[in-house]
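Undergrad: Sharing a model that was predicted from the sequence below.
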Amino acid sequence: MNSLKNIKMAEKINKLITHNGSFHSDDVFASAVFSILFEKRDQDFEIIRTRDEDVIASGDYVFDVGGVYDENDNRFDHHQVGGAGMRANGIEYASLGLVWKKFGKEICGSLKVADIIDKRLCAPIDAWDNGMDLVKSTHDTAPYFLQYIFFSMHPTWREEDINIDEIFSKAVKMATEILKREIVQAYDMVLAETEVEAVYDQTLDKRIIVLAKNYPFEFILFNHPEPIFAVYPRKTGGSWGAKAIRSDLKTFNNRKDFPEAWAGKKGVELQALTGVSDAVFCHRTGYMCTAESQEGAIKLAQIAVEL
């Protein structure tokens, strides 16, 4: 039995229990959720990894072990017969999702932000842990999933002198940083939604949406049927981009690509093809063009819309 501690003062220490031995993304990220939760509350905690039933029974919070799901008693296991329920989309809960369902809003300060994190991060991890496929392989390889990062940290058959609990502690720290960044991204995406929707409402020709900042517009404009391209200031170089809106967020398919004749062209060659004097580049797959000015990027989008 080993523990990961965050103890600052001589007050009550919240005792968090999860299983020992190998670890997976759901118990690692559930630990990260608790780390952020108690940091936010300014409370001390200790994560104990064990399968000792007496120790489990003594825990203030128990997750991914114990055979019980009762959020009122802070028990968050999903391995029992019948599991621990599922989301409306059919994805069963694992320990991460159960913990997030109770504490996500408190951590984020927003139910909308918490729901984004559940859909983006928690549900895919829960699906994996419950043996549910979310993607279909079309090639002789597969995506490199977030879970593989933590699998790579496990000792191999030759690494007999590595302490698995120390590795778990490193994994939790990594997951905590990832989760914090995802919360920031989700929070700012919610703020951006108000701005992008306002521009959409005010735009007469909604096929091209011109934005004053580099908002995460893809997930917002996808919800409207008219937008084909978005024009936006790029984060570096002072240039402007024109990007195709996807027809399916789960693929790279777009509502319309930039003309095939432009694909891969840049500089003088692209300028000659388009008549846009400050055109810089068109991606070889046709999903994005750049220009030195906002006017140039708008013109590229306007030409592409009409072709």
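TA: Yep, it's here.
Undergrad: Pull out the buried residues from the longest helix along the chain.
TA: Looking across the chain with DSSP state H, the single longest helix is helix 164-202. By neighbour count on 16 or more other Cβ atoms under 10 Å, the buried set for helix 164-202 is 164-165, 167-169, 171-172, 175-176, 178-179, 182-183, 186-187, 189-190, 192-193, 196, 199-200. C-betas here are computed from N, CA, C, even on glycine.
Undergrad: cool, and stretch 60-75?
TA: In stretch 60-75, counting by 16+ other Cβ under 10 Å, buried: 61-66, 69, 74-75.
Undergrad: Out of those residues, which is nearest to residue 116?
TA: Using Cβ to Cβ, residue 63 comes nearest to residue 116 of those, at 21.9 Å.
Undergrad: on that earlier part again, what packs against the longest helix of the chain?
TA: Here helix 164-202 touches strand 2-6, helix 25-41, strand 44-49, helix 95-108, helix 111-117, helix 146-153, strand 208-210, helix 218-221, going by 3 or more Cβ pairs under 8 Å, 6 or more residues apart in numbering; DSSP states H and E.
Undergrad: looking at those, which is closest to residue 291?
TA: strand 208-210 (12.6 Å).
Undergrad: what ranges of the stretch 1-150 of the chain fall below the confidence cut-off?
TA: Applying pLDDT under 70 to the stretch 1-150 of the chain flags residues 1-11.
Undergrad: repeat that for 50
TA: 1, 9-10 (pLDDT under 50).
Undergrad: Now residue 270: closest residue in space, sequence neighbours ignored.
TA: Nearest-residue entry for residue 270: residue 279, 4.5 Å, with adjacent residues in sequence omitted and distances by Cβ to Cβ, 6 or more residues apart in numbering.
Undergrad: ditto for residue 147
TA: Excluding the flanking residues, the one nearest residue 147 by Cβ to Cβ, 6+ apart is residue 25, at 4.6 Å.
Undergrad: residue ranges of the helices in the stretch 201-307 of the chain, please?
TA: 218-221, 267-274, 294-306 (DSSP state H, counting those that start in this stretch).
Undergrad: quick one: buried residues of the second one?
TA: For helix 267-274, the neighbour count (16+ other Cβ under 10 Å) marks 270-271, 274 as buried.
Undergrad: which residues touch it?
TA: With Cβ atoms under 8 Å, 6 or more residues apart in numbering as the test, helix 267-274 has contacts from 261-262, 265, 276-282, 289, 299-300, 303.
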